[in-house]
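*Asks:* after the sequence you'll find the predicted model.
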Amino acid sequence: MEVVLIILFTIIFAYIAWWKLDWAICLAILFSPAYLIRFSVGGVPMTILEVMLLVIIAVWCFKTIQERIRIKACPVHLPWRWVILFFVLAGTIAVFISPDMRQAMGLWKAYIIEPVLFFIVFANTIKTKEQVRSVIWAFGAAVVVIGYVTLIQYDGLLHIPGSYGLEHPKRATSVFPFPTAVGKFVGPILAMFVSFLLVRVQPKPSTVWDAVTRHVFTVGVVVFGVIGLVLSFSRGALIGVVAAVAFASFFSVRRKWIWLITLLMLIACFVIPFTRQEVISVIDVQDTSADVHVVMWKGAARIIRANPILGTGLASFPVVYEKYKEASHTEFFPNPDELYFTLWIEMGLAGLAVFIWLMVKYFREACRAVRSFGNDNSSRALMVGLMAAMVALLVHGFFDTPYFKNDLAIIFWALVGLVTVLPRIFSTTETTPLHK
């Protein structure tokens with residue numbers, strides 16, 4: 001029955017991709033947590049998300065070849081080709097130096113090759129404002145679903161896996177097996193939608209109802225995103241979102257109000273006994289999670305000192321950490337729970353350098369686009385939102401690893417894809433709002 005259902009799903013999704021490839025891309029973003037549905041084909045591990053990606057890539061390749069044969073020309077857009085090439089090259093080298101090459105090949109496929117190919121298809125398929133709007137809606141709808149599931153989990157209507165429901169405070173996990181996955185997924189998207197509200201300027205609404213309905217979807221995403229982060233107790237993601245809001249405020253005419261509200265919230269954190277104790281416990285490393293992370297980062301730093309150039313390869317951390325960890329540390333982790341340590345250890349100094357190069361290019365292109373948009377408030381707000389999403393991800397990266405996971409890699413490259421296609425799309429004179 002499982003095989004029949006997988007075949008049926010693949011056929012249906014392939015039909016959708018053939019009919020409307022942009023819809024298939026949006027569905028892959030919306031259902032990216034479907035990587036949790038795992039199976040194997042001939043001993044090769046697979047996921048439902050991977051099926052969707054492979055179908056999207058195969059359909060695009062077939063259609064591109066077909067079009068090239070039909071009209072003798074079908075140019076393929078390869079944005080940022082050199083940085084992408086070096087990113088793939090660094091990941092490929094990391095496979096061959098890994099102590100667990102089989103596992104490394106799996107991560108190479110899931111975190112580097114498939115997401116990069118998805119990015120290329122994305123950049124060649126998303127060509128109109130309507131398609132961009134659909135991608136934004138897919139991002140938002142995914143956050144709404146995840147936030148709603150955390151809410152009903154917290155209310156006891158759904159079981160919270162593991163011991164997370166017994167902790168104080170208890171931590172909802174939504175559709176994921178652990179709570180930090182909620183923050184990793186929701187954080188950048190929440191930051192993007194909050195920025196839409198802060199930056200976009202619209203004509204003054206005639207009624208309160210007009211003001212509410214004009215932003216109903218955006219507000220809904222923000223509400224459910226905040227619910228997801230709070231009920232999963234994703235502190236690193238919350239810090240990332242606050243940093244993103246501070247960043248977006250510099251592009252907003254309401255910046256003074258934003259700064260005042262942020263200041264009042266920070267004061268409240270130190271006034272309310274529960275939050276004050278949480279902050280103090282983290283700063284003093286009395287909190288269990290903070291203590292575990294600090295100990296693990298010390299071990300990660302030892303690995304980097306011993307292997308500063310090449311690192312130790314993809315999927316290597318669980319293998320080599322045993323040699324470099326603190327003697328008292330007995331917990332198992334697949335990576336150091338810190339983005340930059342993980343990049344350096346798993347992909348070497350070259351991988352870290354290429355990632356920084358990619359981020360510099362991302363923000364440079366986005367800033368250039370914001371300046372070129374002029375008075376087009378809708379497109380300007382969207383580009384600022386994309387920068388805020390990446391700010392949230394990068395700041396969160398100091399406390400966790402918001403890339404090295406199947407769904408997160410797809411979200412990351414979809415954000416990069418939007419930054420590469422929007423300047424071309426907005427070169428037209430059309431000013432239809434992209435988000436409402």
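*Replies:* Perfect, thanks for sending it. Numbers count the residues shown, from 1 in each chain.

*Asks:* what helices or strands is the helix or strand where Ala14 lies leaning on?
*Replies:* Ala14 belongs to helix 2-19 when assigned by DSSP states H and E. Other elements packing on helix 2-19 under the criterion 3 or more CB pairs under 8 Å, 6 or more residues apart in numbering; DSSP states H and E are helix 21-30, helix 48-71. Where C-beta positions appear, they are placed from N, C-alpha and C, glycine not excepted.

*Asks:* and those, which is most packed in?
*Replies:* For those, the largest average neighbour count (mean count of other CB atoms under 10 Å) is found in helix 21-30, namely a mean of 21.

*Asks:* ok so, going back, what angle sits between the helix holding Ala14 and helix 48-71?
*Replies:* Helix 2-19 runs at 40 degrees relative to helix 48-71, counting by axes from the mean of the first three to the mean of the last three CA atoms, to 10 degrees.

*Asks:* closest to Phe193 out of the helices and strands packed on helix 2-19?
*Replies:* Closest to Phe193 of the helices and strands packed on helix 2-19 is helix 21-30 (CB to CB; 14.3 Å).

*Asks:* distance check, the closest residue to Phe13 other than its chain neighbours against Phe62.
*Replies:* Closest residue to Phe13 in three dimensions, ignoring its sequence neighbours and counting by CB to CB, 6 or more residues apart in numbering: Val55, at 5.4 Å. From Val55 across to Phe62, the span is 11 Å (CB to CB, to the nearest Å).

*Asks:* Pro75 too?
*Replies:* Noted for Pro75: a distance of 17 Å to Phe62, by CB to CB.

*Asks:* residue ranges in the stretch 151-300 of the chain under the pLDDT threshold?
*Replies:* Under the criterion pLDDT under 70, the flagged ranges of the stretch 151-300 of the chain are 201-214, 268-291.

*Asks:* ok, the stretch 1-150 of the chain next?
*Replies:* Within the stretch 1-150 of the chain, the stretches with pLDDT under 70 are 72-74.

*Asks:* also the stretch 301-436 of the chain?
*Replies:* Within the stretch 301-436 of the chain, the ranges that satisfy pLDDT under 70 run 327-332, 374-376, 427-436.

*Asks:* same thing but 80
*Replies:* Flagging of the stretch 301-436 of the chain using pLDDT under 80 yields the residue ranges 325-334, 373-379, 426-436.

*Asks:* could you pull out the helices for it?
*Replies:* 317-324, 339-373, 377-396, 406-425 (DSSP state H, counting those that start in this stretch).

*Asks:* so of those, which one's packed in deepest?
*Replies:* Scoring the helices of the stretch 301-436 of the chain by mean neighbour count under mean count of other CB under 10 Å gives helix 377-396 as the most buried, with a mean of 25.

*Asks:* how about that helix as CSV, C-alpha atoms only?
*Replies:* As requested, C-alpha coordinates have been extracted for helix 377-396 and formatted as CSV (Å, rounded to 0.1, in the frame of the first residue of the first chain):
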residue,chain,number,x,y,z
ASN,A,377,6.3,50.8,-2.0
SER,A,378,5.1,47.2,-2.6
SER,A,379,8.2,46.0,-4.4
ARG,A,380,10.5,47.9,-2.0
ALA,A,381,8.8,46.3,1.0
LEU,A,382,9.1,42.9,-0.5
MET,A,383,12.9,43.3,-1.0
VAL,A,384,13.4,44.6,2.5
GLY,A,385,11.4,41.7,3.7
LEU,A,386,13.7,39.3,1.9
MET,A,387,16.7,41.0,3.5
ALA,A,388,15.1,40.8,6.9
ALA,A,389,14.4,37.1,6.4
MET,A,390,18.1,36.5,5.8
VAL,A,391,19.1,38.7,8.8
ALA,A,392,16.9,36.6,11.0
LEU,A,393,18.5,33.4,9.6
LEU,A,394,22.1,34.7,10.0
VAL,A,395,21.5,35.9,13.6
HIS,A,396,19.8,32.7,14.5
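
*Asks:* so what angle separates the directions of that helix and helix 339-373?
*Replies:* Note on geometry: by the same axes, to 10 degrees, helix 377-396 and helix 339-373 are set 170 degrees apart in direction.

*Asks:* by contact count, what packs against helix 377-396?
*Replies:* In terms of contact count using 3+ CB pairs under 8 Å, 6+ apart, helix 377-396 is assigned the packing partners helix 180-199, helix 235-249, helix 339-373, helix 406-425.

*Asks:* tell me which of those lies nearest to Gly43.
*Replies:* Judged by CB to CB, the one of those that comes nearest to Gly43 is helix 406-425, at 19.1 Å.

*Asks:* what angle do the closest one and helix 21-30 make?
*Replies:* Here helix 406-425 runs at 140 degrees with respect to helix 21-30, directions being taken by the same axes, to 10 degrees.

*Asks:* any idea of the angle helix 406-425 forms with helix 180-199?
*Replies:* 20 degrees.

*Asks:* buried residues, the helix holding Ala14. List them.
*Replies:* Burial within helix 2-19, assessed by neighbour count using 16 or more other CB atoms under 10 Å, is assigned to Ile6, Phe9, Phe13, Ala14, Ile16, Ala17.

*Asks:* with that, I have no additional questions.
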